[in-house]
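Trainee: Got a predicted structure here, sequence first:
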Amino acid sequence: MDICAKCGAELSQENTCESIFNEFMALEFTDPSYGQVHFLTVASYMVQHEGYSDDMYVWVQSALRRHLEEGYPTELIRQDMAIGPGSTKGIRRPLNAIPQPKVAWTMTIADVASQMHDSDSYFKLIEQWGRTALKEMGPLVTKRND
């Protein structure tokens, strides 16, 4: 059993979080019933794997909250991102950025992979993972919205 250094997931020898993520992307891009949760998949993975810049963590926390708690459509999130953080190059975390605090995530991409068996279970698990990431990502958000 291997442990992911970024999210703490327990992984089998043949898997990494990135390989699971790539499998999920293949599913989401080839089957619309999987693809409907694409925003949550990418956001949850990036949040848990130090993928976002500090400004992007603030933005994605707000987007996750709006989507999960208020039902804000992902199509509008994509439009917002195209004119907001998606219009700049500052989405990804710089390689020389200060390391982020470690979070003891209670759900990871490996949990989704081990429990999913069809598109319905995938949808429910990805949504649960998104809610978990939102709930537990507070220490990663270094700037607060005013």
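Mentor: Cool, got the structure.
Trainee: Give me the below-cutoff pLDDT ranges for this protein.
Mentor: Along the chain, the model assigns pLDDT under 70 to residues 85-90, 143-146.
Trainee: Mind doing that once more with 50?
Mentor: Counting by pLDDT under 50, the chain contains low-confidence residues at 144-146.
Trainee: check contacts around the residue nearest to the spatial centre of the chain.
Mentor: By Cα atoms, centre = their mean, the chain has its centre lying nearest to residue 44, at 1.4 Å. Neighbouring residues of residue 44 by Cβ atoms under 8 Å, 6 or more residues apart in numbering: 109, 126, 129-130, 132-133. The C-beta positions use only the backbone N, C-alpha and C, and glycine is treated the same way.
Trainee: Go through those and say which is closest to residue 82.
Mentor: Closest to residue 82 out of these is residue 130 (20.6 Å), distances taken as Cβ to Cβ.
Trainee: Report how many residues lie close to the closest one.
Mentor: 21 (other Cβ atoms under 10 Å).
Trainee: tell me the SS of it?
Mentor: Remark: residue 130 carries the secondary structure label helix [criterion: DSSP: H, G, I helix; E, B strand; the rest coil].
Trainee: Show the contacting residues for the closest residue to it other than its chain neighbours.
Mentor: Ranked by Cβ to Cβ, 6 or more residues apart in numbering and with sequence neighbours excluded, the top spatial neighbour of residue 130 is residue 40, at 3.8 Å. Neighbouring residues of residue 40 by Cβ under 8 Å, 6+ apart: 64, 67-68, 126-127, 129-130.
Trainee: can you pull out the strands in the chain?
Mentor: Secondary structure of the chain (DSSP state E): strands located at 2-3, 10-11.
Trainee: Out of the ones you listed, which gets nearest to residue 80?
Mentor: It's strand 10-11; of the strands of the chain, that one is closest to residue 80 (Cβ to Cβ) at 33.4 Å.
Trainee: Describe which strands that closest one pairs with in its sheet and in which direction.
Mentor: strand 2-3 (antiparallel) (DSSP bridges).
Trainee: Please state the offset of the partner strand from the chain centre?
Mentor: Its chain's average C-alpha position is 19 Å from that of strand 2-3, according to Cα atoms, centre = their mean, to the nearest Å.
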